[in-house]
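Colleague: I'll drop the sequence and a predicted model, then ask my questions.
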Amino acid sequence: MTIHTFAVTGMHCASCGLLIDETLEDEIPGVTRSQTSVRAGRTVVHADQTVTPQQITQAIAGVGYTAAWEATS
């Protein structure tokens, strides 16, 4: 299991966070959980080793937000 953390900008309400989480969990094979905090401006993604930060960043951009990869643990 890999955990990726991203700073996300452009979110305004809880629905924004839900949209990001649903998109990541539904559209990227290997993502097991996504937790977005609108208040903190962060998304934490739990995924297997096949998922890259670039895939996550692109998926977030695809729903209208900007994500910057911060860390993998």
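Modeller: It's in.

Colleague: my guess is H4 meets V45, correct?
Modeller: Yes. Between H4 and V45 there is a contact at 4.6 Å, judged by C-beta atoms under 8 Å. Any C-beta I mention is one placed from the backbone N, CA and C, and that applies to glycine too.

Colleague: From P53, how far out is T5?
Modeller: Separation of T5 from P53 (C-beta to C-beta, to the nearest Å): 10 Å.

Colleague: Look at H4 and V45 and report which has more neighbours.
Modeller: Taking neighbours as other C-beta atoms under 10 Å, H4 and V45 compare with V45 leading, 29 against 24.

Colleague: ok, the helix or strand hosting that one: who's next to it in the sheet?
Modeller: Taking DSSP states H and E as the criterion, V45 maps to strand 42-47. Partners of strand 42-47 in the sheet, by DSSP bridges, are strand 2-9 (antiparallel), strand 31-37 (antiparallel).

Colleague: Buried residues in the first one, which are they?
Modeller: Spelled out, it's strand 2-9. Applying a neighbour-count criterion of 16 or more other C-beta atoms under 10 Å, one finds T2, H4, F6, V8 buried in strand 2-9.

Colleague: Quickly list what the first one is bridged to.
Modeller: So that's T2. Using DSSP bridges, the bridge partners assigned to T2 are A47.

Colleague: Starting from T57, give me the distance back to it.
Modeller: For T2 relative to T57 (C-beta to C-beta), the value is 15 Å.

Colleague: What of the last one?
Modeller: When distance is defined by C-beta to C-beta, V8 is 10 Å away from T57.

Colleague: Pull up the overlap in contacts between these two.
Modeller: A67, A68 (C-beta atoms under 8 Å, 6 or more residues apart in numbering).

Colleague: Give me the angle between the biggest helix by length in the chain and strand 42-47.
Modeller: Longest helix in the chain by number of residues (criterion: DSSP state H): helix 14-27. Per axes from the mean of the first three to the mean of the last three C-alpha atoms, to 10 degrees, the angle that helix 14-27 makes with strand 42-47 is 20 degrees.

Colleague: Any idea what the spatially most central residue of the chain is bridged to?
Modeller: Centroid check for the chain by C-alpha atoms, centre = their mean gives T43 as the closest residue, at 4.8 Å. For T43, the beta-bridge partners are F6, T36 (DSSP bridges).
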